[in-house]
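[1] A structural model of the following input is requested.
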Amino acid sequence: MSGLDRISELPESLLTQILSYLPTNQSVQTTVLSKRWENVWLSVPCLDFDLHSSVVPYHDNQVLFTFLDNLLNFSPELSLLKVKVKCRDMMIDGFMERLGTVISRGTQHLDVESSTDYIDDYTNSVTLPCVEFMPMNLYTSKKLVYLKLTSSGLRDPGFVYMPCLKFMHLEEVKWRVHLEKVL
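    All right, here's what the predicted structure looks like:
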């Protein structure tokens, strides 16, 4: 058996499609395979972060923001078609603003699992409930087809226009809005 690397011979479009089935942290790990793989993950049109169980120290806000900012700045024309984020048991100040940037890129599938109970790092106990509200541009997303929110918050947008939305699943969502405005 020879040491042929046949997967690296595949076109980049196929490689990015293969990587789109992996969580983002595993997709990033492919950069060590060879020079050819260094930036392939940056073209993957999907983000899948589990900030609670990730190898990358996402609990360090600066590391997370640097990573996201570099990703968004590297390929500003990249449309992130599918974005899945799980950030249970932690509140990340400023994360929802970056999510707003992601939504403005034409995301079609958005799945956010947040938490209303956060663990205090100093006392290691559950703190008072705190709600992270979704960015306002969510309500006027022209390309969003699938929306799933768990333990997130929604504000009164005043106006809702999501012409492509086909599926909406809301679980343990805190409202600062009249439900009939969203529906």
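[2] Mean confidence (pLDDT) on stretch 14-34, please.
    Taken as a whole, stretch 14-34 has a mean pLDDT of 87.
[3] all helices of this protein, in order?
    12-19, 24-29, 61-74, 95-104, 179-182 (DSSP state H).
[4] Serialize those helices to a markdown table and add fields for mean neighbour count.
    For glycine as for every other residue, the C-beta is placed from the backbone atoms N, C-alpha and C. Shown next, in a markdown table, are those (neighbours: other Cβ atoms under 10 Å):
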| stretch | mean neighbour count |
| --- | --- |
| helix 12-19 | 14 |
| helix 24-29 | 18 |
| helix 61-74 | 14 |
| helix 95-104 | 18 |
| helix 179-182 | 11 |
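[5] can I get these in TSV with distance to T150?
    Formatted as TSV, the helices of the chain follow (distance: least, Cβ to Cβ, whole Å):
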stretch	distance to T150
helix 12-19	25
helix 24-29	19
helix 61-74	20
helix 95-104	14
helix 179-182	16
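[6] so how far is L144 from M134?
    11 Å (Cβ to Cβ, to the nearest Å).
[7] can you check F74 too?
    For F74, the distance to L144 - Cβ to Cβ - is 23 Å.
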